[in-house]
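[1] Need a 3D model of the following:
(one chain, ligands or ions: 3)
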Amino acid sequence: MKIALFPGDGIGPEIMDEARRVLDALDLPGLVVFEGDVGGIAYKRHGHPLPEETLTMARAADGVLFGAVGDPECDNLERHLRPEQAILGLRAELGLFANLRPATTFAGLEDMSALKPEIAREIDVLIVRELNGDVYFGEKGMRETANGEREGYDLMSYAESEVRRIAHVAFRAAQGRKHRLCSVDKANVLETSQLWRDVIIETAADYPEIELSHMYVDNAAMQLVKKPGQFDVIVTGNLFGDILSDQASMCVGSIGLLASAALGERQTEFGTFGMYEPIHGSAPDIAGQGKANPMAMILSLAMLLRHSLGREDDAVRVENAVAKALEDGVLGGDLGGPAGTREIGDAVLARL
Ligand code: NAD
Ligand code: IPM
Ligand code: MN
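    Ligands and ions are numbered 1, 2, ... in the order given. Below you'll find the predicted structure:
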């Protein structure tokens, strides 16, 4: 088994250290671990946020654990040299089109949610976010209009094959859960969304046992905080999924808790090749202070164990250790508690 670790920028290396300690404690037989540079640190060391050797390392692995990228010092670089291009490049180059972002309540954390505890208690949603298309990857640029103004543009588009493949992922996920799928779009305004909705409806014919509904994204943002318990699986495009998943994290309690898996079609000897990352970013405001919550990173490791290494038992062990730490009141600053990054890592290790 080979896995690649890409810690990245800001809090990335701090939280990756804790995931690494958990990984080492599992003592997986025959595991080989590589480490590579991504993001601002890669730009500073190699002149590019996604160096060729990093990409090669990712391709050679069964799974990739990705910390976070983003560095305020790089915000004025040309776009193709910015740290964020590392994550976008890996997703595109590795064909990782399906992003699974689960958001589920943790016992004992109901009071930490931004919602009322009785509403927070109901959350158990899986956001299936399309990751290789949408306005993220359309033609973009800066141009001058006829009257000499600057104009920025980003083309939003989806091809039907792109919608169909993510639809299948979402319907299959719903089969393994509560059999409810809500597709989120903006079909009242966007052609991209009309096609999205049409293809989702066509695909539904293969899954008669799944209860399908549709919701406009503005309403979905509202419903997610009004009554999150109504959702089982949500399927949506790249941009809407990005925004709704950060919002869902605050329903659970903190962005420092949500993990994600980016999967494609490639199978390895042990499972599906994927890249695993917290949904949050490099948090420059708290970087280098030992304050970041490493739980989203550790839970991302659990998803890697499950999907790419076929180690369901180890994945559950890690998830239970995190849940137990939270239940025991081990709370980081993001949850209003005093625990630092290392202390949270220690607490998880002690419960493993
Ligand atoms: P962010 O997620 O980095 O931070 C938002 C807020 O949440 C900050 O106040 C931060 O301190 C807090 N936070 C995030 N993760 C935390 C954790 N584990 N523990 C405690 N607090 C945490 O989002 P941002 O500030 O909008 O972006 C910062 C940089 O990260 C930008 O360069 C952005 O492009 C990048 N980014 C990267 C990724 C990624 O690598 N996957 C994701 C999102 C943003
Ligand atoms: C995420 C991030 C990324 C995205 C950025 C850093 C490109 O916000 O993974 O949620 O928008 O997909
Ligand atoms: Mn995001």
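
[2] Run through the strands of this structure in chain order.
    Assigned by DSSP state E, the strands in the chain fall at 2-8, 32-35, 63-68, 98-104, 124-130, 140-144, 150-154, 180-185, 211-216, 233-236, 259-267, 272-278.

[3] Just put the ones you listed in TSV and tack on distance to ligand 1 and mean pLDDT.
    Where you see a C-beta, it was placed from the backbone N, CA and C, and this is true even at glycine. Putting the strands of the chain into TSV (distance: least, CB to the nearest ligand atom, whole Å; pLDDT from 0 to 100) gives the following:
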stretch	distance to ligand 1	mean pLDDT
strand 2-8	6	98
strand 32-35	16	98
strand 63-68	4	98
strand 98-104	11	98
strand 124-130	12	98
strand 140-144	16	96
strand 150-154	16	97
strand 180-185	20	98
strand 211-216	24	98
strand 233-236	17	98
strand 259-267	8	97
strand 272-278	5	98
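
[4] Format those as a markdown table; extra columns: distance to ligand 2 and mean neighbour count.
    Formatted as a markdown table, the strands of the chain follow (distance: least, CB to the nearest ligand atom, whole Å; neighbours: other CB atoms under 10 Å):
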| stretch | distance to ligand 2 | mean neighbour count |
| --- | --- | --- |
| strand 2-8 | 10 | 24 |
| strand 32-35 | 20 | 14 |
| strand 63-68 | 8 | 28 |
| strand 98-104 | 8 | 22 |
| strand 124-130 | 8 | 24 |
| strand 140-144 | 13 | 10 |
| strand 150-154 | 13 | 10 |
| strand 180-185 | 16 | 24 |
| strand 211-216 | 21 | 16 |
| strand 233-236 | 13 | 28 |
| strand 259-267 | 7 | 20 |
| strand 272-278 | 6 | 26 |
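
[5] Using a markdown table, lay out the ones you listed together with distance to residue 287.
    Listed next are the strands of the chain as a markdown table, based on distance: least, CB to CB, whole Å:
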| stretch | distance to residue 287 |
| --- | --- |
| strand 2-8 | 11 |
| strand 32-35 | 19 |
| strand 63-68 | 9 |
| strand 98-104 | 23 |
| strand 124-130 | 26 |
| strand 140-144 | 28 |
| strand 150-154 | 29 |
| strand 180-185 | 32 |
| strand 211-216 | 36 |
| strand 233-236 | 30 |
| strand 259-267 | 20 |
| strand 272-278 | 14 |
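
[6] Grab the nearest non-local neighbour of the residue sitting nearest the centre point of the chain.
    With distances taken as CA atoms, centre = their mean, residue 260 lies nearest the centre of the chain, 3.4 Å away. Of all residues beyond its chain neighbours, the one nearest residue 260 is residue 101 (4.6 Å), with distances taken as CB to CB, 6 or more residues apart in numbering.

[7] Of all the residues in stretch 223-241, which ones are buried?
    Neighbour-count burial for stretch 223-241, counted by 16 or more other CB atoms under 10 Å, picks out 224-225, 228, 231-241.
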